[in-house]
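In: Just a sequence and a predicted model for now, questions to come.
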Amino acid sequence: MKYINTNKLEEIKIKDDNYYVVLDFDKTITSKNSIDSWGAIIDFDIYGEDCKKEIEDLNAKYEPIEIDYTIEEKLKEQHMVEWYQKSMDLLERYNLTYSNLQKALEKDKLEFRKGAKEFLRKLKEKEILVIILSAGIGNVIEEFLKREECYFTNIHIISNFIEFKEDKMQKFTGTIIHSMNKRIEGSLPKELQNRINQKQYAILCGDIIEDTKMITKNKDKTITIGFLNKKIKENLQVYNQNYDIILTEEEATFYEVEKIIKEREGEI
């Protein structure tokens, strides 16, 4: 664990009723070795090797761009839009169905990061507002949490949702959410925005630099916690510049997130 912005952290005093939590999903709630929600949606036994190769080719091209912080931001965002649009087009072309989505998830492709399930349950016990803001597939996130008995009433998912009609995929709803444009500001229903406006502090957890931008207002009252999953030596400096706390290797668990919250007040 590496604490960067200690002065800011010392000013923040957490109580059960004065904060909310914003979480990325892929590689944050899920482990660094888990497949992501885009990959989990497809069962290659159903859709075949051609589909698998197309997805692998897209990921091989765009994933290195996503975690390359030497690329100019505007150019990087163009690449992200291309990646997401091509991925969406692919799902439509292979005639995704909701029943096949459910079959794919039965193969346990997704796995929680250590401590994540317990963390979500404790937040529910305290009725602390949780927003999962993801550039993944909202239907997958929702279905996974339901299967794990963790889709609680205090959790709200903002993501890319697919509309299905009579089992068949119709379209993605709303604006495409990708890794470069994830923001709670402007993404939340009015009632939910009003609720977070009443909170004094926020806890934000993500795994890439862009996740720190999920909250853009009141940054001095937001504790940002980064899970640095890949290229630790190469990326540590830029994570130092963006996150308040960085978790790597064995410490990259939600047990450590709980400890951080406890340090700011009492037990979560």
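Out: That came in fine, so what should we check first?
In: Check the protein for its longest helix and report it.
Out: In terms of residue count, the longest helix belonging to the chain (DSSP state H) is helix 44-66.
In: what does the next helix or strand after it contact?
Out: Next along the chain after helix 44-66, taking DSSP states H and E as the criterion, comes helix 73-93. Helix 73-93 has contacts (Cβ atoms under 8 Å, 6 or more residues apart in numbering) with 38, 41-42, 51, 54-55, 58, 61-62, 65-66, 68, 71, 135, 160, 162, 169, 171-172, 176, 178-181. Using the backbone N, CA and C atoms, a C-beta is placed for each residue, glycine as well.
In: do the same with stretch 134-153
Out: The set of residues external to stretch 134-153 that reach it, using Cβ under 8 Å, 6+ apart, is 24-26, 36-38, 40-41, 84, 98, 101-102, 105, 110, 112, 117, 120-121, 123-124, 130, 132, 155, 157-162, 164, 177-179, 182.
In: Out of these, which end up buried?
Out: 24-26, 36-38, 40-41, 84, 98, 101, 105, 110, 112, 117, 120, 123-124, 130, 132, 155, 157-162, 164, 177-179, 182 (16 or more other Cβ atoms under 10 Å).
In: List the ones among the residues you listed that fall in helices.
Out: Residues of these located in helices (DSSP H): 37-38, 40, 84, 98, 101, 105, 117, 120, 123-124.
In: Check the residues you listed and tell me the two furthest apart.
Out: Farthest-apart pair in those is 84 and 124; separation 30.8 Å (Cβ to Cβ).
In: Remind me what the longest strand seen in the chain packs against, helices and strands.
Out: Counting by DSSP state E, the longest strand found in the chain is strand 155-165. Counting contacts by 3 or more Cβ pairs under 8 Å, 6 or more residues apart in numbering; DSSP states H and E, strand 155-165 packs against helix 73-93, strand 130-137, helix 138-147, strand 168-173.
In: in its sheet, what does the second one sit against?
Out: Strand pairing for strand 130-137, determined by DSSP bridges: strand 19-23 (parallel), strand 155-165 (parallel).
In: closest one to residue 212 among those strands?
Out: Nearest to residue 212 among the strands paired with strand 130-137 is strand 19-23 (10.5 Å), distances taken as Cβ to Cβ.
In: What separation do you get for residue 43 and residue 103?
Out: Computed as Cβ to Cβ, to the nearest Å, the residue 43 to residue 103 distance reads 5 Å.
In: Comparing the two, which residue is more hemmed in?
Out: Using other Cβ atoms under 10 Å, the more surrounded residue of residue 43 and residue 103 is residue 43, with 17 against 13.
In: can you pull the contacts of that one?
Out: Neighbouring residues of residue 43 by Cβ under 8 Å, 6+ apart: 100, 103-104, 107.
In: try 6 Å this time
Out: Under the criterion of Cβ atoms under 6 Å, 6 or more residues apart in numbering, the contact list for residue 43 reads 103-104.
In: ditto for residue 216
Out: residue 185 are the contacts of residue 216 under Cβ under 6 Å, 6+ apart.
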